[in-house]
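# From the sequence below, what's the structure:
(chains A and B)
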Amino acid sequence: DAGVIQSPRHEVTEMGQEVTLRCKPISGHNSLFWYRQTMMRGLELLIYFNNNVPIDDSGMPEDRFSAKMPNASFSTLKIQPSEPRDSAVYFCASSLGGSGLAKNIQYFGAGTRLSVL
Amino acid sequence: GDSVTQMEGPVTLSEEAFLTINCTYTATGYPSLFWYVQYPGEGLQLLLKATKADDKGSNKGFEATYRKETTSFHLEKGSVQVSDSAVYFCALLNAGNNRKLIWGLGTSLAVNP
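The predicted model follows:
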């Protein structure tokens, strides 16, 4: 299996621009998670989906952030407009979902390093 | 609410030294516990896990025992290698958290030759 695939790996943009991060979960996985990682705040859960439906978006920092999952094999995280404080590494993870430990092990992508100048 | 506390890093060791990274948790019920590892420039990957009290998770020479009496899940390795240099995250999963992993802040480990 190819694992969780994120694109782009690196993104450099200017303040005010729109940024779209992409994620392809592992085939057959029903839960998808978006995380942000910074030195100051560590790993933060932004939002997660189950069966393409957003379940908990309480970690989304503000209205500039939005996430979609139009189908089981694709999700986007969009920042509009971007600000320098959004600079971070953004990770996508997926899991089988459902009850039981094995179904809730999360598998991470390699991340997108975002720099907003 | 549930929480995970890890020892602060960075931790710097010489090759073949003994490693302990402390992790304690606060949770209701009977959570499952995990250690994830993040190598430089990569995403997190599962290192080991334990589902109930006294379970020992192990992988790649690392071990951690689920201690309910001390609410701990300390990570240990008898002899570290340079290739073990990474950030280590302790996490818990509780049925009440609806599949959300609760994460520690991570502990950076540097192993010198």
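
# ok, now how distant is the residue nearest the centre of chain A from B:Thr51?
Closest to where the C-alpha atoms of chain A average out (Cα atoms, centre = their mean) is A:Trp34, at 2.8 Å. Separation of A:Trp34 from B:Thr51 (Cβ to Cβ, to the nearest Å) stands at 26 Å. Every C-beta, even on glycine, is put in place using the N, C-alpha and C of the backbone.

# next one: B:Glu63
From B:Glu63 to B:Thr51 the distance is 15 Å (Cβ to Cβ).

# Those residues of chain B touching chain A, which are they?
Residues of chain B lying close to chain A by Cβ under 8 Å from any Cβ of the partner chain are B:32, B:34, B:41-46, B:49, B:51, B:89, B:93, B:98-101, B:103, B:105-106.

# Surely B:Thr20 touches B:Phe73?
No. Applying Cβ atoms under 8 Å, one finds B:Thr20 not in contact with B:Phe73, separated by 11.7 Å.

# more neighbours, the two?
Taking neighbours as other Cβ atoms under 10 Å in any protein chain shown, B:Thr20 and B:Phe73 compare with B:Phe73 leading, 30 against 11.

# burial measure for the nearest residue to the more buried one once chain neighbours are set aside, as a count.
For B:Phe73, ignoring the flanking residues on the chain, the nearest one in space by Cβ to Cβ, 6 or more residues apart in numbering or on different chains is B:Leu33 at 4.4 Å. Neighbour count of B:Leu33, defined by other Cβ under 10 Å: 27.

# For B:Leu33, give me its contacts.
Residues counted as contacts of B:Leu33 (Cβ atoms under 8 Å, 6 or more residues apart in numbering or on different chains) are B:23, B:25, B:49-51, B:57, B:64, B:66, B:73, B:90-93.

# Quick check: residues of chain A near chain B?
Checking chain A against chain B by Cβ under 8 Å from any Cβ, the hits are A:4, A:31, A:42-43, A:45, A:48, A:50, A:55-56, A:91, A:93, A:95, A:97, A:101, A:104-111.

# run the last query once more with 6 Å
A:42-43, A:91, A:101, A:104-105, A:108-111 (Cβ under 6 Å from any Cβ of the partner chain).
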